[in-house]
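**Q** Build the 3D model from these lines:
(one chain, ligands or ions: 2)
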Amino acid sequence: MSEPKIIAIANQKGGVGKTTSTLNLGAALADARHRTILIDLDPQGNASTGLGIDTERREITSYDLLGGQAELTQAALSTDVDNLRIVPSTPDLSSADIDFSRSTDRTRLLRKVLRNGADADIVLIDCPPALGLLTVNAMVAADAVLVPLQAEFYALEGLSQLLLTVRQIRQSANPNLRVNGVLLTMSDSRNNLSQQVEADARATLGDLVYRTTIPRNVRVSEAPSHGKPVVHYDPASKGGVAYQAFAKEFMQRLSLSTQREAVNG
Ligand code: ADP
Ligand code: MG
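**A** Ligands and ions are numbered 1, 2, ... in the order given. From the prediction side, this is the model:
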């Protein structure tokens, strides 16, 4: 059992592309032969649905991981994508904040499970849209946080709040926590405000912002209903190309090999 790299995908705003980015990055990592486990830490279960995991298959969930009722190897379900597994979630995860509030180790529940070794190279944690106990658990467990950012008026204010949380966690439970980067999502080149916010983000945050920007693209939003991330549903679409470029940049940042699986036949 090796020590996987653990990345939390977080932003307290909903609908900014956390789940979409987690799924596409996960699939691209798996295609490059990195054994990847996604953890669906959102009670809405969109990451699970987006990989075609029916609700009947969600018997062992991320709630069981947090509660210590299951180990990672038991909880991780295989998917249609080689090298990609997922720990699904169900709506009962929404009571985690209350259910685990009395536990003395309540911010380290996920860390205890993930730092126990895993037969994976990478673990990606898809966080819920809040900075509550679930996201804190993800950040306490993680090596780094990846922040999808939708370029709109309040985006940078929200980001400061998120970075403050990262700093607090670094000062307390996880001194090694880093910010992996900021990914600009759902970009619209015809929208002046969106372009201005992107320029501001790059000016303020410099190299922390990924060079690749993900455009708004209907193929990206169609893909989940087919149980596939867009990099598999329509790899040649604008969204598919952008997510592959982002994944390559991500792998380079982590010094991971970007060589893809040989296609047979
Ligand atoms: P979050 O996980 O942050 O709540 P999602 O990844 O679920 O956000 O994205 C919110 C919605 O926007 C989803 O319906 C998703 O399919 C859609 N979406 C995400 N990225 C794009 C994109 N680049 N182009 C078009 N639609 C997108
Ligand atoms: Mg989501």
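
**Q** The stretch 1-150 of the chain against ligand 2: which residues are in contact?
**A** Within the stretch 1-150 of the chain, the positions adjacent to ligand 2 are Lys18, Thr19, Asp42, Asn46 by CB under 5 Å from the ion. C-beta here means a position set from N, CA and C on the backbone, and glycine is covered the same way.

**Q** try 6 Å
**A** Lys18, Thr19, Asp42, Asn46, Asp126 (CB under 6 Å from the ion).

**Q** The stretch 151-265 of the chain too?
**A** Counting by CB under 6 Å from the ion, no residue of the stretch 151-265 of the chain is near ligand 2.

**Q** So the residue of the stretch 151-265 of the chain found nearest ligand 2, which state does it fall into?
**A** Nearest residue of the stretch 151-265 of the chain to ligand 2, counting by CB to the ion: Pro224, 10.4 Å away. What DSSP: H, G, I helix; E, B strand; the rest coil gives for Pro224 is helix.

**Q** if we can go back for a sec, using a markdown table, lay out the residues of the stretch 1-150 of the chain next to ligand 2 together with secondary structure, neighbour count and distance to Val220.
**A** Converted to a markdown table, these look like this (DSSP: H, G, I helix; E, B strand; the rest coil; neighbours: other CB atoms under 10 Å; distance: CB to CB, whole Å):
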| residue | secondary structure | neighbour count | distance to Val220 |
| --- | --- | --- | --- |
| Lys18 | helix | 28 | 13 |
| Thr19 | helix | 28 | 11 |
| Asp42 | coil | 25 | 18 |
| Asn46 | helix | 19 | 13 |
| Asp126 | strand | 30 | 16 |
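
**Q** how about the strands in the stretch 51-200 of the chain?
**A** Along the stretch 51-200 of the chain, the stretches classed as strands by DSSP state E, counting those that start in this stretch are 77-78, 84-87, 122-126, 144-150, 178-185.

**Q** could I get the ones you listed as TSV with distance to Leu159 and mean pLDDT?
**A** Shown next, in TSV, are those (distance: least, CB to CB, whole Å; pLDDT from 0 to 100):
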stretch	distance to Leu159	mean pLDDT
strand 77-78	33	97
strand 84-87	27	98
strand 122-126	18	98
strand 144-150	6	97
strand 178-185	7	98
